[in-house]
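Asks: build the 3D model from these lines:
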Amino acid sequence: MTIELPALAEDGRFTTEELRLELACALYARGRIGKVEGAGLAGVDFFTFQRALGERQISAYTDEMLVGDVVALKKLFPA
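Replies: Residues are numbered from 1 along each chain as shown. Here you go, the predicted model:
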C-alpha cells in the first residue's frame, strides 16, 4: 500500500520515518494494532516503539492487560 502525504514530507517538517512512527502510535492508541505490529509499521524495535508511546503519553497498559492481571491475582490470592 502506498500513502501519499505530499506537503508533510516534502516541506521538511517530517521525515518519512517520523510519519511512520506517528501513524503507528495513533493506530496503537486507537486499539487497531498491537505493540509488535506498531513497531513493525514504524520500522523500529519494540523498545523504541514503547518509548515513543510513553513520550506521547499513550498508555502501554491496556484494559485487557488489567483484567488479565486481576484474574491472575485472584487465582494467586483467593478471598
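Asks: what's the next secondary structure element after the least confident helix or strand in the chain by mean pLDDT?
Replies: Scoring the helices and strands of the chain by mean pLDDT, DSSP states H and E places helix 6-10 at the bottom, with a mean of 66. Using DSSP states H and E, the helix or strand that follows helix 6-10 in sequence is helix 16-29.
Asks: return the set of buried residues in that next one.
Replies: For helix 16-29, burial by neighbour count (16 or more other CB atoms under 10 Å) applies to 19-21, 23-25, 27-28. For the C-beta atoms, the positions are set from N, CA and C on the backbone; glycine is no exception.
Asks: next, count neighbours for residue 2.
Replies: Residue 2 has 3 neighbouring residues, counting by other CB atoms under 10 Å.
Asks: scratch that, residue 58
Replies: 15.
Asks: how far away is it from residue 14?
Replies: Counting by CB to CB, to the nearest Å, the gap from residue 58 to residue 14 is 18 Å.
Asks: now do residue 70
Replies: From residue 70 to residue 14 the distance is 40 Å (CB to CB).
Asks: repeat that for residue 43.
Replies: Distance, residue 43 to residue 14, using CB to CB: 14 Å.
Asks: who's more crowded, those two?
Replies: In terms of neighbours (other CB under 10 Å), residue 14 is the more surrounded of residue 43 and residue 14; the figures are 16 against 13.
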